[in-house]
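Undergrad: kindly generate the corresponding structure for this input.
(chains A, B, C and D)
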2 protein chains.
Amino acid sequence: MKPITRKEEIVIVASQLFKERGYSAVSVRDIAEAMGIKAASLYNHISSKQEILSTLVLRVAKEFTNGMNGVVAQKSSPVQKVEQLIELHIDITVNYSEGIAALNNDWMHLEGEDLTSFVKMRDDYEENFRNIIKDGITSEEIKPHHPEVILFAILSTLRTLHLWYQKRGKLDVNILKKDMVQVLLKGIV
Amino acid sequence: MKPITRKEEIVIVASQLFKERGYSAVSVRDIAEAMGIKAASLYNHISSKQEILSTLVLRVAKEFTNGMNGVVAQKSSPVQKVEQLIELHIDITVNYSEGIAALNNDWMHLEGEDLTSFVKMRDDYEENFRNIIKDGITSEEIKPHHPEVILFAILSTLRTLHLWYQKRGKLDVNILKKDMVQVLLKGIV
DNA sequence: TTACAAAACTAACGTTTGTTAGTTAATCGT
DNA sequence: ACGATTAACTAACAAACGTTAGTTTTGTAA
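TA: All right, here's what the predicted structure looks like:
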C-alpha cells in the first residue's frame, strides 16, 4: 500500500471536477465540498488553486514528453514509431484520464513559467511527431499527403480518446490498441 | 449588404474570447471592453451572458443537425455519405469556427431547455453517423472494425478541425476536403 | 428644430471568488 | 502523559462577478 498524500487526494478530486466543468467553472469551495471539508482547509495542503492545475497538467505533459523521447530514441521504422505513439496515448489515457481533460482544455489557464514550459513541451512533442511522419513519407512507407493533415488527423483522435474511453470503457486495452492502429493507419474502406 | 445587429456583434466578439479562454473565464466586462463599451451597456442588447452562449452554440448545433438530415435523406452509399459528412464539417468549421469552440468546450454551461435540446441534437447526430457506418459495414463497403472506434476516430478529427484550420489557415478548402477524405477513409500507409 | 428611439453612460446591488489569519481537535512517536 | 505535527475549523478580507436602475448622449426622421 503506497500512502497517498492529502494533496494528491485534492488533485484527484479536483481533476474530476475540472473534467466535468473546466478549471474556471470549479471553485475551491466546490473542491472542498467534494472532499467533505471547508475551502480554507485546502490551504493546509496546497498553496493556491493554480498549483492544483499545474501539478495536474505538467504531470501528464511530462509523461507524454518522456514517452516521445523513448520512441524517438529507438531504431524502429517511422510506421512502427507511429504505432508506438498510438499505444503511448492509449496507455496515458487509461492511467491519467482526468489529467488529460485539463491538459486539453485548461492549459491556457496556467501562468508564468508553468505556461511557458507546457507550451514548449507541447510544441516539441508535435514537432517530433511531424518529423516521424515526414521520415515515413520520405522513405515511402507513408502516403505522400500533406504531413500536417496526417499529423492532425492522428493527433486529434488520440487527444480526445479520454472523452470516449470511459463511455465504452470495458473494451480491452490491447484490443483497442490494435483496432486503433488499424483504423488510423490503414483507413476504413 | 445585410445589416449586422449590435447583438450579433456582441456574439461574435464574445465567441472569439470564449474560444481563447472558455466561457467561464470570460467576464461580461471582458466582452464589453473588447467592444469598447461598458459592461452595463451590453444589457441594452442581450438579456444575460447565458443568452450569448446559447445563441452561439445552438446556432452551430442546428447547422450540424440540418446538414446531417440532408445527408441521411439522400440515396448515396454509406461511404459517399461519410464523405459528405466530412465536407459538412469542413464547411461549418470554415463558416462558424468561433462557435465550434464553444460547442465543443462550453456546451455544458448551457442551462435548462437549451442544454436539453443541445444534448438531444448531439446524441441524434452521433446516432445517425453510427448508423451510416454500420450500414457500410453490413454492405461490406467499410472494414468490419468496431463501429464505435471508426465513429470516434472520424468524429474526433472533424470536431477539432477548428483548432488547426486557422493555424495552417490558407489551405484551399477543396484541397483540404480531398486530403481529409483520403486520410480518414483510406489511411496513411 | 424638435421628437423619438437607440445605445451609451454612472452608480450601485448582492453574490461569489480565492485567499489569509487565528484557533481548535485529532493523531502519533517518545 | 507529553509535546509536536497534521488537518480540520470559523471568520473575515478585498476583488471580481452578473445584473439592475436611472440618466445622458447620439443619431435619425418629421
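Undergrad: can you tell me the SS state at A:Ser76?
TA: Under DSSP: H, G, I helix; E, B strand; the rest coil, A:Ser76 falls in the coil class.
Undergrad: so A:His145, which of the three states?
TA: Taken by three-state DSSP, the conformation at A:His145 corresponds to coil.
Undergrad: scratch that, A:Glu141
TA: coil.
Undergrad: tell me the contacts of it?
TA: Taking C-beta atoms under 8 Å, 6 or more residues apart in numbering or on different chains as the contact definition, A:Glu141 lies against A:77-79, B:189. For glycine as for every other residue, the C-beta is placed from the backbone atoms N, C-alpha and C.
Undergrad: please report phi then psi for it.
TA: Comment: the main-chain dihedrals of A:Glu141 come out as phi -80, psi -30, following degrees, to the nearest 10.
Undergrad: quick revisit: turn the contacts of A:Glu141 into JSON lines, columns for neighbour count.
TA: Formatted as JSON lines, the entries for the contacts of A:Glu141 read as follows, by neighbours: other C-beta atoms under 10 Å in any protein chain shown:
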{"residue": "A:Ser77", "neighbour count": "15"}
{"residue": "A:Pro78", "neighbour count": "19"}
{"residue": "A:Val79", "neighbour count": "19"}
{"residue": "B:Val189", "neighbour count": "15"}
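Undergrad: now, among the residues you listed, which is nearest to DNA strand D?
TA: Distances from DNA strand D to those, taken as C-beta to the nearest atom of the strand, are shortest for A:Pro78 (46.6 Å).
Undergrad: just flag the most distant two among the contacts of A:Glu141.
TA: A:Ser77 and B:Val189 (10.5 Å; C-beta to C-beta).
Undergrad: not counting its neighbours along the chain, what's nearest A:Lys49?
TA: Excluding the flanking residues, the one nearest A:Lys49 by C-beta to C-beta, 6 or more residues apart in numbering or on different chains is A:Val28, at 5.4 Å.
Undergrad: the one you found and A:Ile10, how far apart?
TA: Taking C-beta to C-beta, to the nearest Å as the criterion, A:Val28 is separated from A:Ile10 by 10 Å.
Undergrad: repeat that for A:Thr116.
TA: A:Thr116 sits 25 Å away from A:Ile10 when distances are taken as C-beta to C-beta.
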